[in-house]
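[1] Give me a 3D structure for the following:
(one chain, ligands or ions: 3)
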Amino acid sequence: MLCRLKHICKFRFVTQRLLRVNTATARAKLTFATASSQSGALRVQSAHKANATRMLNVTWSNDTVNRYPFVYLRDNCQCSECFHETSLQRSFDTVGQLNSHIQPERVDVLQNGDQISITWPDKHVSVFNSNWLHSRRLPEEKDMSKERSTLRREGVKFWNAEQLQGKIPRYDFQEVIEDDFKLFEWLQSLHSVGIALVTNTPRQPGELNKLCSRVGYSKTTHYGHQFEVHAKFDANNLAYTSHFLPLHVDLPFYDYVPGVQLLHCIEQVKSEGGGNQFVDGFHVAEELKEKDLEAFKLLSSVRFQFVDLGKDVFGEFHKKFGRLMIELDENEQIVRFSYNNHVRDSVMLVSPEKAVQLYEAYLTIGTMLRNPANQIEHKMVPGDVITFNNSRVLHGRSSFTITGESQRFLQGIYLDWDGVYSRIRVLAKRFNIPFRI
Ligand code: OGA
Ligand code: ZN
Ligand code: ZN
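    Numbers count the residues shown, from 1 in each chain. Ligands and ions are numbered 1, 2, ... in the order given. Next up, the predicted model:
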């Protein structure tokens, strides 16, 4: 118990430290405060059938009221007939069995408010624990935030150079391997800041697999289960040269773009060059919206085509996909930023007039991405693993020169966000930390 409390305190401290990169610290603290108070156990004071609205109005011990549609309650009965005990999946046949006009025959508050029991007209009985019910309360329309949504998730903090230069969150490799709480903190930083460093990683190939297996499993691409970045003869990718590599996200020509990228520095050039640049694409998109709304609208509504052709470990490949540079959700919140000049296709599926407008907008945002006020620089040392959100944080690399004594060698691997969020949720539950995403 003591150990768990220690972890929670540590989590608060780390969270606050991370949030200092953003001016919205007060708001963020509020979010966490709200989240923790919601985990407190509430009892049912009373439950009233409002047949006219077809809702059950539940009044909680703190005098708040939540409304649950009758159809929702019947559909989500937790009895072993309706909800499969071992798979934790719904076995109730909603379409075949649910009457959308169903009304409870009777409702009883049991166990001093810890449970509600509902008897339906066919005598089927549904018992709900108050904790279960409270944590699934439906938000009222007036309380719904349009700022947050499924993909632009709670806790995500945008940054510019002033806020993050020299302050990328850092975690020690061995600690992440051995300590589940460190693992949680690293993944939590990836979620909120979009970039984090894992340091002191053994300087040999294969170590990334160990990090990945702490999360789950990696995402294979046509460049392999993992890939090696060094200057190669007959390079099939600009990254595999010693040239300047402008800011980009990887593999925008995939429908299912890898969510997270990990680059392990095994050797780094001793001379100048070979450093990385990073930019928060979400921050720049927001800046564009303020400065040039027309360009923002264009880049969030017209697709660029992306393409990758060649040969690698799995043979010949021809990847292509068309996507928006700025992808918004139903609440106009940014959920994905895709920019990669070297694999942008010369095929354009827009009218000549639209093409000219697109070039204007492309140059405007491209210049904003290169603005030093938006860009941070980090030259990895051997042992660093830089990890970042590949749908948000753009990365680039300065050119470098290799000699007999000075080489550069990185190993890279991808993860998907589905796996990362799954691991965060599992760990958050274990440490009893609210993470409702
Ligand atoms: C890449 C890449 C950066 C680097 O492999 O996709 O961007 O530092 N590499 O070499
Ligand atoms: Zn049931
Ligand atoms: Zn890259």
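[2] which residues are contacting the one helix or strand Val335 maps to?
    Applying DSSP states H and E as the criterion places Val335 in strand 334-337. Outside strand 334-337, the residues that touch it by C-beta atoms under 8 Å, 6 or more residues apart in numbering are 149, 151-152, 249, 257, 281-282, 284-286, 323-329, 391-392, 394. Heads up, the C-betas are built off the backbone N, CA and C, glycines and all.
[3] Let's see that with 10 Å instead.
    149-153, 156, 158, 249, 252, 257, 259, 279-286, 289, 299-300, 323-329, 365, 369, 389-394 (C-beta atoms under 10 Å, 6 or more residues apart in numbering).
[4] Next: stretch 368-378.
    Contacts for stretch 368-378 (C-beta under 10 Å, 6+ apart): 159-168, 195, 197, 246-248, 275-281, 283-285, 287-288, 291-292, 295, 337, 339, 384, 386, 393-396, 398.
[5] Confirm Tyr217 sits in a strand?
    No - the assignment for Tyr217, made by DSSP: H, G, I helix; E, B strand; the rest coil, is coil rather than a strand.
[6] Could you tell me how many residues sit around it?
    Tyr217 has 12 neighbours, counted by other C-beta atoms under 10 Å.
[7] Just to check, it is in contact with Gln226?
    No - Tyr217 is beyond contact range of Gln226, at 11.9 Å (criterion: C-beta atoms under 10 Å).
[8] Give me the common contacts of those two.
    Asn209.
[9] picking up where we left off before, list only buried entries from the contacts of strand 334-337.
    Buried members of the contacts of strand 334-337, counted by 16 or more other C-beta atoms under 10 Å: 149, 151-153, 156, 158, 249, 252, 257, 259, 279-286, 289, 299-300, 323-328, 365, 369, 389-394.
[10] So which of those residues sit within strands?
    Mapping the buried ones among the contacts of strand 334-337 onto strands (DSSP state E) picks out 279-280, 323-324, 326-328, 389, 393-394.
[11] Point out the residues in the stretch 201-350 of the chain that sit beside ligand 1.
    The stretch 201-350 of the chain has residues 229, 239, 245, 250, 276 near ligand 1, with proximity defined as C-beta under 6 Å from any ligand atom.
[12] Please report phi then psi for the fourth one.
    This points to Asp250. Dihedral pair for Asp250: phi -80, psi 150, per degrees, to the nearest 10.
[13] Now do the contacts for it.
    Contacts of Asp250 by C-beta under 10 Å, 6+ apart are 221, 223, 227, 237, 239, 257-258, 261, 263, 340, 343, 390, 394-395, 412, 414.
[14] who wins for neighbours among these?
    Result: Asn390 is most packed of the contacts of Asp250 (other C-beta under 10 Å), 27 neighbours.
[15] pLDDT below threshold where in the stretch 151-300 of the chain?
    151-152 (pLDDT under 70).
[16] Find the closest residue to ligand 1 in it.
    Ala239 (3.4 Å; C-beta to the nearest ligand atom).
[17] Quick check: end-to-end length of stretch 77-97?
    12 Å (C-alpha to C-alpha, to the nearest Å).
[18] wait, stretch 368-383
    32 Å.
[19] re the thing from before, thought Asp308 was touching the residue of the stretch 151-300 of the chain closest to ligand 1, still the case?
    No - applying C-beta under 10 Å as the test, Ala239 and Asp308 come out as separate, 11.7 Å apart.
[20] and the closest residue in space to Arg397 that isn't next to it in sequence, what are its phi and psi?
    In space, and not counting its chain neighbours, Arg397 is closest to Leu245: 4.1 Å by C-beta to C-beta, 6 or more residues apart in numbering. Backbone torsions of Leu245, given as degrees, to the nearest 10, read phi -120, psi 110.
[21] What are the neighbouring residues in contact with the closest residue to ligand 1 within the stretch 301-437 of the chain?
    In the stretch 301-437 of the chain, the residue that lies nearest ligand 1 is Arg397 (3.8 Å; C-beta to the nearest ligand atom). For Arg397, the contact set (C-beta under 10 Å, 6+ apart) comprises 229, 238-239, 241-248, 263, 273-277, 379-380, 408, 410.
[22] quick one: Pro205 and Phe227 touch, right?
    No - with contact defined as C-beta under 10 Å, Pro205 does not count as touching Phe227 (11.2 Å).
[23] Look up the pLDDT of the residue of the stretch 301-437 of the chain closest to ligand 1 for me, please.
    On the pLDDT scale, Arg397 is placed at 97.
[24] follow-up on the earlier one: give me the common contacts of Ala239 and Asp308.
    Common neighbours of Ala239 and Asp308 (C-beta under 10 Å, 6+ apart) are 223, 342.
[25] Look up the residues forming beta bridges with the residue nearest to Ser46 when sequence neighbours are not counted.
    Among residues not flanking Ser46 along the chain, Thr59 sits closest, at 4.8 Å (C-beta to C-beta, 6+ apart). Counting by DSSP bridges, Thr59 forms beta bridges with Ser46, Val65.
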